[in-house]
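# sharing a model that was predicted from the sequence below.
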Amino acid sequence: MARSRFFPTLWRWSAGLLTVGCVAMTAASLQAAEESSNLKIVYPPKNHNTYSPSIFFIGTTPPDSTVTVNGQLVRRSPAGHFAPSFPLRPGDNRFSFTVNSPTGTERFVRVVNRLADTQFVPSDRAVILADSVVPYAD
């Protein structure tokens, strides 16, 4: 008896997890599709913040299209996948994507914010920054 009650419960849980997974994947696909019908960027996400001095974009377009970022032609695989890298300056960095395909031209902008990677040092007194003196212990 315990076995017969266990398997229907297992199937209900499995079906529920499968439904949630499908809804999440569909929502992610629709969000990416809202950006552009011919351009899918999977990294970085919208409004991305980083301390890194550079960023790479992972994405795809139809194989019969061309892609430029800030006017630079992007090299892609035969399937249309790409992962170019770009330097970042502190603050907001604007990346303008242009996709030219047989169905037309589409434009899309992604902004990446490079956060300041320096520590604040007061100008009115001498300060020793943590972890700036060696050895750390006697």
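Arrived safely, thanks for sending.
# please, which helix or strand holds residue 77?
Counting by DSSP states H and E, there is no helix or strand that carries residue 77.
# for it, which residues are in contact?
Residue 77 makes contact with no residue, according to Cβ atoms under 8 Å, 6 or more residues apart in numbering. Bear in mind the C-beta positions are built from the backbone N, C-alpha and C, glycine included.
# how close does it sit to residue 53?
Distance of residue 77 to residue 53, computed by Cβ to Cβ, to the nearest Å: 26 Å.
# same question, residue 39
25 Å.
# neighbour-wise, which of these two wins?
residue 39 (24 against 11; other Cβ atoms under 10 Å).
# can I assume the more buried one is in contact with residue 107?
No: the criterion here is Cβ atoms under 8 Å, and residue 39 misses it with residue 107 at 9.3 Å.
# identify the contacts common to those two.
With Cβ under 8 Å, 6+ apart, residue 39 and residue 107 have common neighbours 97, 99.
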